[in-house]
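> let me see the structure of the following:
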Amino acid sequence: MGQILAALAPTYGWLLGARITTALTFGPFFAIGAVAAVELVEQESGLAQLR
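Numbering: from 1, shown residues only. The predicted structure is shown next:
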């Protein structure tokens, strides 16, 4: 959504706001993705040792 707003921004202020919105959502998106990936690994797998 932030990328679309940035692409359609009529002024620099709108562009800056859209880019900040995108930046603030980047961290939580990958943090949640990492937790989900760890939860999907089977307990018997050697990769489960990362927990």
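> what's the helix or strand for the residue positioned nearest the centre of the chain?
Geometric centre of the chain, nearest residue: Phe29, 2.7 Å, by Cα atoms, centre = their mean. Per DSSP states H and E, Phe29 falls inside helix 12-40.
> state the mean pLDDT of that helix.
Average pLDDT, helix 12-40: 91.
> in it, what counts as buried?
Ala18 (16 or more other Cβ atoms under 10 Å). No exception for glycine: its C-beta is placed from N, CA and C like everyone else's.
> from the chain's centre, how far out does stretch 30-45 sit?
Offset of stretch 30-45 from its chain centre (Cα atoms, centre = their mean, to the nearest Å): 15 Å.
> and it, C-alpha only, in PDB?
Extracted as PDB, the C-alpha positions of stretch 30-45 are listed here (Å, rounded to 0.1, in the frame of the first residue of the first chain):
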ATOM      1  CA  PHE A  30       9.800  -9.700   8.500                       C
ATOM      2  CA  ALA A  31       9.800 -10.400  12.300                       C
ATOM      3  CA  ILE A  32       6.400 -12.100  12.000                       C
ATOM      4  CA  GLY A  33       7.600 -14.000   8.900                       C
ATOM      5  CA  ALA A  34      10.600 -15.300  10.800                       C
ATOM      6  CA  VAL A  35       8.500 -16.500  13.700                       C
ATOM      7  CA  ALA A  36       6.100 -18.200  11.400                       C
ATOM      8  CA  ALA A  37       9.000 -19.900   9.500                       C
ATOM      9  CA  VAL A  38      10.400 -21.200  12.800                       C
ATOM     10  CA  GLU A  39       7.000 -22.500  13.800                       C
ATOM     11  CA  LEU A  40       6.600 -24.400  10.500                       C
ATOM     12  CA  VAL A  41       9.800 -26.400  11.000                       C
ATOM     13  CA  GLU A  42       9.100 -29.800  12.400                       C
ATOM     14  CA  GLN A  43      10.500 -30.500  15.900                       C
ATOM     15  CA  GLU A  44      12.400 -33.600  14.800                       C
ATOM     16  CA  SER A  45      14.300 -31.500  12.200                       C
END
